[in-house]
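Novice: Compute the structure for the input listed below.
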Amino acid sequence: AGHAVVAVHADPSCRQLEVVEGHPWRAYRFAPDQDGHYVSLLAELEAQGVRPDRIVYAWTTPAEDAASQPVSARHASVFRLIQALIRVGWHSGLQENRSLTLDLVTPGLYDDGVSAIVPESYALAGLSLVVPQELPDLHVRCLDMASVPRSAWLAELVAPPDRARFVAYRGARRWVRSYEPVPSSERSGLIRPQGTYLITGGLGDVGLLLARHLVREFEANVVLMSRSEVPHREAWEALRHDSSDPWLRRRIEGLRRIEEAGGQPMVVVGDVGSEQDVRRVLSEARDRFGRVDGVLHAAAVSGAASSERTLDALTLDDVHEQFYAKVQGARALAAALRGADLDVCVLFSSNAAVLGGLGFGAYAPANAMLDAFAAQQSRDGKVPWISASWDGWPEFPDVEATSGDQPQSRMDAFAMTADAACAAFERVLALASTPQVVVSTGPLEARRRQWVTGTDPEAEDQGAEPPQYARPSMRVDYVAPRTDT
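Specialist: Numbers count the residues shown, from 1 in each chain. Predicted coordinates for the structure are as follows:
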């Protein structure tokens, strides 16, 4: 009671912002898929002297539409809203001691074993981690309110914001997200000695390092799927010393390391986002080795500007670029593997899905969606699907330079060595009944308090210095704060 409400109705047929007449409160209609409509709405409210304390985004996307594109229309719409808030200045400086809360209604975010899992909600959860890190006056929550009474809805929406960023209601129970450490054995039986494994992103650092590990420890056959070609084996020796193409030189050296471990890597060119290409690669692998025992989905667009741009500069093309290799790739794999006799499928996610990160407005949501996809596939099929969220893997083949007792910079504080990464991979496989695993080289809860829920209250009470974490590697230069706040 006593709250002023502005209602906004989605209508894809609208060509401009429209006022809805005869509504019990102020109401508008517009097309959320049009770039300028959000800005027009916020400008209209500003002109009317209306600045909300809370925005509730409750529009949903039909499941078939959400599954047809790497980036759903709903995710794109929320992205446009956030950029509109930045453009009109609502993300900061609202009033003294006042911030704006954005509540995203995200059905299927909590996997209770019964309700449908909605991967696009996980993507929005990943985006919600990054927004307040880059825009501290904009508080974002994700609400999974499945079949709850209207009174619970209203109570949640009018309550003062707390530190809970992800909230789910099941009946009268209110759940919040947390993580617990899990014990695991040293080695899993999911990797077969002399088995055959398809690795997407096979010529990347992660793919090459995994391939060498599988060859060295299990005498496995490795099929490396990549968008890029490598020259025939006869040309490798000359190209190893060609400084004009450092990327190719490193790939060739990585393949040589696999051979030195006793393997004969099979490199196949293909688009992991194409079901047709994935089927072709699987067929070629079976023709050569007789069977495929497991799939490791490590494809990613790394080092691109789309993985480092801040929200004010990020574009939907950037978002699509990050989602394509990871999300569309996972969908293509699931379709091509349907009914296949497979031991395991591992999706390589990032801890950005759990911790966010500056410049990760496209990268974090794409990785978070992998977590949902693994949970969804594990529930629906007989093959264990695991999404493992990782800290940084080392470069390969230059891993020896950072292994052992070599000193690390603050930027490398949470990066893994080659041996640690491969050992963690085997421990992840031992958790086949757990579709989402977080591999953190530092205390995860301390990192979440720092980046997600706020500084540890106990540390503040004791006057302790809060933990410091390195700024992620970005193309954007660091700019020091100009004021105390």
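Novice: what pLDDT, on average, does the longest helix seen in the chain get?
Specialist: Looking across the chain with DSSP state H, the single longest helix is helix 363-380. Averaging the model's pLDDT scores along helix 363-380 yields 92.
Novice: Any buried residues in it, and which?
Specialist: 363-378 (16 or more other C-beta atoms under 10 Å). C-beta here means a position set from N, CA and C on the backbone, and glycine is covered the same way.
Novice: And stretch 311-330, by the same measure?
Specialist: Per 16+ other C-beta under 10 Å, stretch 311-330 contains these buried residues: 311, 314, 318-330.
Novice: Could you report the distance from Leu129 to Arg449?
Specialist: Computed as C-beta to C-beta, to the nearest Å, the Leu129 to Arg449 distance reads 13 Å.
Novice: more crowded one of these two?
Specialist: Comparing Leu129 with Arg449 by other C-beta atoms under 10 Å, the one with more neighbours is Leu129, at 26 against 19.
Novice: Phe360 versus that one, what's the distance?
Specialist: Leu129 sits at a distance of 8 Å from Phe360 (criterion: C-beta to C-beta).
Novice: Common neighbours of those two, please.
Specialist: With contacts taken as C-beta atoms under 8 Å, 6 or more residues apart in numbering, the residues that reach both Leu129 and Phe360 are Ala352.
Novice: List the residues that contact the spatially most central residue of the chain.
Specialist: Nearest to the mean C-alpha position of the chain, counting by C-alpha atoms, centre = their mean, stands Asn367 at 1.8 Å. Shown in contact with Asn367 (C-beta under 8 Å, 6+ apart): Gly126, Lys326, Ser349, Ser350, Ala352, Ala353, Ser389.
Novice: Point out the ones among those that are inside helices.
Specialist: Short answer: the contacts of Asn367 in helices (DSSP H) are Gly126, Ala352, Ala353.
Novice: Burial check on the second one, number of neighbours?
Specialist: Other residues near Ala352 come to 23 when the count uses other C-beta under 10 Å.
Novice: contacting residues around Ser350?
Specialist: Ser350 touches Tyr363, Ala364, Asn367, Ser389, Trp390, counting by C-beta under 8 Å, 6+ apart.
Novice: got TSV for those, with distance to Ser440 too?
Specialist: Output for those, formatted as TSV (distance: C-beta to C-beta, whole Å):
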residue	distance to Ser440
Tyr363	17
Ala364	15
Asn367	14
Ser389	8
Trp390	9
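Novice: and of these, the nearest to Leu255?
Specialist: Proximity of the contacts of Ser350 to Leu255 (C-beta to C-beta) peaks at Trp390, which lies at 22.7 Å.
Novice: which ones are touching the closest residue to the closest one other than its chain neighbours?
Specialist: Computed as C-beta to C-beta, 6 or more residues apart in numbering, the closest residue to Trp390 that is not its neighbour in sequence is Val439, at 5.0 Å. The contact partners of Val439, taken as C-beta under 8 Å, 6+ apart, are Asn351, Ala388, Ser389, Trp390, Asp391, Ala424, Val428.
Novice: Pick the one among these closest to His91.
Specialist: Using C-beta to C-beta, these come closest to His91 at Asn351, 25.1 Å.
Novice: hmm, back to that, reformat the ones in helices among the contacts of Asn367 as a markdown table; add pLDDT.
Specialist: Below are these laid out as a markdown table (pLDDT from 0 to 100):
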| residue | pLDDT |
| --- | --- |
| Gly126 | 96 |
| Ala352 | 95 |
| Ala353 | 95 |
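Novice: could these be laid out in JSON lines, adding distance to Phe289?
Specialist: Output for those, formatted as JSON lines (distance: C-beta to C-beta, whole Å):
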{"residue": "Gly126", "distance to Phe289": "36"}
{"residue": "Ala352", "distance to Phe289": "34"}
{"residue": "Ala353", "distance to Phe289": "33"}
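Novice: Show me what the helix or strand where Ala420 lies is packed against.
Specialist: Using DSSP states H and E, Ala420 sits within helix 418-429. If you count contacts as 3 or more C-beta pairs under 8 Å, 6 or more residues apart in numbering; DSSP states H and E, helix 418-429 packs onto helix 205-218, strand 344-350, strand 385-390, strand 436-439.
Novice: partners of the shortest one, with directions?
Specialist: The partner list of strand 436-439 in its sheet, established with DSSP bridges, is strand 385-390 (parallel).
Novice: List of residues touching stretch 251-270?
Specialist: Residues from elsewhere that reach stretch 251-270 (C-beta under 8 Å, 6+ apart): 202-203, 208, 211-212, 215-216, 219-231, 236, 239-240, 277-278, 280-281, 284-285, 288-289, 396-397.
Novice: now swap in stretch 29-46 and tell me
Specialist: In contact with stretch 29-46 (C-beta under 8 Å, 6+ apart) are residues 6, 8-20, 28, 51-52, 59, 73, 76-77, 80-81, 83-85, 87-88, 90.
Novice: Among these, name the ones in strands.
Specialist: Per DSSP state E, strands hold the following members of the contacts of stretch 29-46: Val6, Val8, His9, Ala10, Glu18, Val19, Tyr28.
Novice: Make a ChimeraX selection of the buried ones in those.
Specialist: Only the buried entries of the ones in strands among the contacts of stretch 29-46 go into this ChimeraX selection, using 16+ other C-beta under 10 Å:
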select :6,8,28
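Novice: Put together JSON lines for the ones in strands among the contacts of stretch 29-46, with pLDDT and distance to Pro193 on each row.
Specialist: Shown next, in JSON lines, are the ones in strands among the contacts of stretch 29-46 (pLDDT from 0 to 100; distance: C-beta to C-beta, whole Å):
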{"residue": "Val6", "pLDDT": "93", "distance to Pro193": "64"}
{"residue": "Val8", "pLDDT": "94", "distance to Pro193": "59"}
{"residue": "His9", "pLDDT": "93", "distance to Pro193": "60"}
{"residue": "Ala10", "pLDDT": "92", "distance to Pro193": "55"}
{"residue": "Glu18", "pLDDT": "93", "distance to Pro193": "66"}
{"residue": "Val19", "pLDDT": "92", "distance to Pro193": "70"}
{"residue": "Tyr28", "pLDDT": "94", "distance to Pro193": "64"}
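Novice: got the ones in strands among the contacts of stretch 29-46 as a markdown table, with distance to Val140 columns?
Specialist: Converted to a markdown table, the ones in strands among the contacts of stretch 29-46 look like this (distance: C-beta to C-beta, whole Å):
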| residue | distance to Val140 |
| --- | --- |
| Val6 | 19 |
| Val8 | 18 |
| His9 | 22 |
| Ala10 | 20 |
| Glu18 | 28 |
| Val19 | 28 |
| Tyr28 | 22 |
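Novice: Which pair of the ones in strands among the contacts of stretch 29-46 spans the longest distance?
Specialist: Largest pairwise distance in those, by C-beta to C-beta, is 15.2 Å, between Ala10 and Val19.
Novice: biggest strand in the protein, by residue count?
Specialist: Longest strand in the chain, counting by DSSP E: strand 138-146.
Novice: which secondary structure elements does that strand contact?
Specialist: Helices and strands touching strand 138-146, by 3+ C-beta pairs under 8 Å, 6+ apart, are strand 100-105, helix 119-134, helix 150-158, strand 166-170.
Novice: That one pairs with which strands, parallel or anti?
Specialist: Using DSSP bridges, the strands paired with strand 138-146 are strand 100-105 (parallel), strand 166-170 (parallel).
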